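**Q** Sequence and predicted model, in that order:
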Amino acid sequence: MSNSKFISAAVLILLTVEAVFADTTYVAPGNISGNWTPANSPYIVDSGDVTVPPGMTLTIAPGVSVLFTGMYKFTIVGTLIADGTESDSIIFTRAYPTEQSKWRGLRFDNSAANSSLSYCRIDYAKGEGAYPDVRGGAVWIDNCSVPVRHCLIANSYSHNGNYNGCGGGICLNENSNSLIEYNVIKLNQADSGAGVLAGSGCDPIIRFNVIEDNTAFYAGGGIYISANASSTISGNVVQGNISGGFGGGGINLWSATWLYGTFSNVYNNLIINNSATDAGGGIYSRYETSNIYNNTIAENFCARGGGVYVLTFANLPPNIYNDIIWDNTAPSGQSIFLDPAAGSTANISYCDVQGGWAGVGNIDLNPLFANGPQGSYYLSQIAAGQMAQSGCVDSGDPITPMITGATRTDCVQDAGVIDMGYHYELGGVPYSLVVGITPFIVPIQIPAGGGIFSYELSIANTGTTTAVFDGWINVILPDGSTFGPVILRSDLELTPAASIFRPDMTQAVPGNAPAGNYSYIAYVGDYPNTVVASDTIFFEKLGQDDNRNVDSWNLQGWDEEALTSAPVPRETLLISAYPNPFNAETTITFDLQTAAEVSLKVYDIAGREVQDLGFGIWDLGTHSVRWNAAGLPSGIYFYRIEAGGLSAIGKCILLK
């Protein structure tokens, strides 16, 4: 199981678990301890702050939901053991989808050494008001070292008008050396350190997390390391984060080595698509001497130093080596910006820097990123089947120890001299998977009040080894935004030549869904970042009606649940096309059990009729019709037969 697969498993449970509540427990303000169980869940905190006092323990079992109706603190001075499982998480969230129902977060204040959080969903918390109370959003850890593992931490913030807020997702303060690993930390906001902030005296390990789409109003969109703090930051995907003010869209390093002697080790991270208003789209380094190596820093943006910004004294340079710094954008035109204000310098060696950089081992060559089973930043290598060899291969500092990981798309361990850039974990999702979704009827049109459509779903392993993977479905709305997943199944397993077939998948579309054209996409891979295969169908919503006939995006059929609406009758006709895929011409074959009046038509992927292949009375037996598509563009097409009150549909691919 890959690092990203661990994360995917956590997200699956956190997004899809729906406990069947046997009872509801209202939690009175004050001290709490004991055991909270699913039988008494949800636990609703609705009238005041709660505290696990010194010397006491509260154990929360997998499957429990803790809901808050307002700005109440959950403070832990004693011990909190909240360890869900990969198949059943623990949820801490607001009780109602309103701003007033947001809560004050988990507050570990000098908590006992054995407190822990794992497989939890913690969201919709907020820190506001005057300093210092504003600090910390979802999780506050002060003067203790609580591990946070396999959690989803999202949609929380810490902010006030003086920009004193910090740590929207996780805030570490005063000698907190937590292990933070395998989490998804996303969509949080704070004045500084929107995803994770390490305050004075802290030295956490931050590894194997996905830290994405967080926004800092001042500094450190993804991660912020404060003065007199240090950290080991490795194996993370830091993407899509934003910083205003001083900057550091991805990571802000402000350790102040010259005052405290503190610095960080930042290595083997994928730092992509982050942005900052002022400086350091990828990394911002301020008066500190961190070691920044074997990172891929790509496609970041800011005013100064799209990839890396450095402000430091000439005698205190950071060490930047074995990194790929490519496709970053700044009006200054520099991937790396050394601020002249303090005579800034940096030790930069054995890096691939777009635009070039003076120094031992530095190159200026397109890294030739390649798509692989866990992402899009592998290095093209002839040994892995690509046509060209990246210049970053075997080009790192020859005295650097080898990282366990792969830059090859076949996930073979890096060997020889260490490659530049980020190394993915060994193994990965096999490429031998195919997925297909075939609608019963095209075009699919949903009335204004809502309705359903049905389709067949198939997943097959065409390779020679067992595949373990995730499957999920997203809906692309008319405005281009993504809704979903409407279903997510984690750690599916298929032996060679095995398949999954769901013949009666039925998707409900609610009346309040906007009018327009939708894409409905089935994926297999490693959720959410790696897609091995996908397939798409399209439907149109013919209006929007809040007096709706259908209320939710309910999907039935994966686990053979009883349908809430009558199912669409299944077709019994057999129809196929060969060859498929085809170039210009294919033969469509179908069987009739009795003589019948037949209509055979072809539609494009948007459901538009492109060709009528015939209409008339056909005898029983097997029939074939040639379809010449020479005048049509490459793409996916559906062929549909109607015969004697029955119908069937097939899919084919035209390749030119």
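**A** Yep, it's here. Numbering: from 1, shown residues only.
**Q** Show me where the stretch 451-600 of the chain dips below the pLDDT cut-off.
**A** 462-465, 529, 548-550, 560-573 (pLDDT under 70).
**Q** swap the cut-off to 80 and go again
**A** 461-466, 480, 496-498, 528-534, 546-551, 559-576, 578-582, 591, 593 (pLDDT under 80).
**Q** Just confirm Tyr422 is within a strand.
**A** No - with DSSP: H, G, I helix; E, B strand; the rest coil as the criterion, Tyr422 is located in coil rather than a strand.
**Q** thinking it is in contact with Asn269, fair?
**A** Yes - under the criterion of C-beta atoms under 8 Å, Tyr422 makes contact with Asn269 at 6.6 Å. Where you see a C-beta, it was placed from the backbone N, CA and C, and this is true even at glycine.
**Q** so what sits against both of the two?
**A** Counting by C-beta atoms under 8 Å, 6 or more residues apart in numbering, the contacts common to Tyr422 and Asn269 are Asn295, Thr296.
**Q** gap between the spatially most central residue of the chain and Arg121?
**A** Nearest residue to the geometric centre of the chain (C-alpha atoms, centre = their mean): Pro528, 4.0 Å. From Pro528 across to Arg121, the span is 15 Å (C-beta to C-beta, to the nearest Å).
**Q** Can you report how many residues lie near Pro581?
**A** Neighbour count of Pro581, defined by other C-beta atoms under 10 Å: 12.
**Q** Repeat that for the one 3 residues further on.
**A** Ala584 is surrounded by 13 other residues when neighbours are defined as other C-beta under 10 Å.
**Q** which SSE is the nearest residue to it once chain neighbours are set aside in?
**A** In space, and not counting its chain neighbours, Ala584 is closest to Ala630: 4.8 Å by C-beta to C-beta, 6 or more residues apart in numbering. When elements are assigned from DSSP states H and E, Ala630 belongs to no helix and no strand.
**Q** Ala630 and Phe582 touch, don't they?
**A** No - in this structure, Ala630 is not within contact of Phe582 by C-beta under 8 Å, at 11.0 Å.
**Q** Which of those two has more residues huddled nearby?
**A** Between Ala630 and Phe582, Phe582 has the larger neighbour count (other C-beta under 10 Å), namely 18 against 9.
**Q** gap between the two ends of stretch 106-119?
**A** 15 Å (C-alpha to C-alpha, to the nearest Å).
**Q** Over to stretch 230-248?
**A** 16 Å.
**Q** go on, stretch 246-264?
**A** 19 Å.
**Q** just stretch 444-457 next, same as before
**A** 16 Å.
**Q** distance of the residue nearest to Ala584 from Ile653?
**A** Here the criterion is C-beta to C-beta. By it, Ala630 lies 15 Å from Ile653.
**Q** Next: Cys411.
**A** As judged by C-beta to C-beta, Cys411 and Ile653 stand 28 Å apart.
**Q** try Gly84
**A** Look at Gly84 and Ile653: by C-beta to C-beta, they are 42 Å apart.
**Q** can you list contacts of stretch 622-641?
**A** With C-beta under 8 Å, 6+ apart, stretch 622-641 has contacts from 438-439, 441-442, 536, 573, 575, 577, 582, 584-592, 598-605, 610-611, 613-614, 647-656.
**Q** Could you give the separation of it from the chain centroid?
**A** 37 Å (C-alpha atoms, centre = their mean, to the nearest Å).
**Q** One more: stretch 636-646?
**A** On the basis of C-alpha atoms, centre = their mean, stretch 636-646 sits 38 Å off its chain's mean C-alpha point.
**Q** Kindly provide the whole-number mean pLDDT of it.
**A** Mean pLDDT, stretch 636-646: 78.
**Q** Likewise for stretch 311-324?
**A** Mean predicted lDDT for stretch 311-324 stands at 96.
**Q** So which bits of it are buried?
**A** Leu311, Thr312, Leu316, Pro317, Pro318, Ile320, Tyr321, Asn322, Asp323, Ile324 (16 or more other C-beta atoms under 10 Å).
**Q** got it, and stretch 449-456?
**A** Buried-residue list, stretch 449-456, by 16+ other C-beta under 10 Å: Gly449, Gly450, Gly451, Ile452, Phe453, Ser454, Tyr455, Glu456.
**Q** what's near enough to touch the closest residue in space to Arg489 that isn't next to it in sequence?
**A** In space, and not counting its chain neighbours, Arg489 is closest to Gly471: 4.8 Å by C-beta to C-beta, 6+ apart. With contact set as C-beta under 8 Å, 6+ apart, Gly471 has these partners: Val435, Ile459, Ile487, Leu488, Arg489, Leu492, Ala522, Tyr523, Val524.
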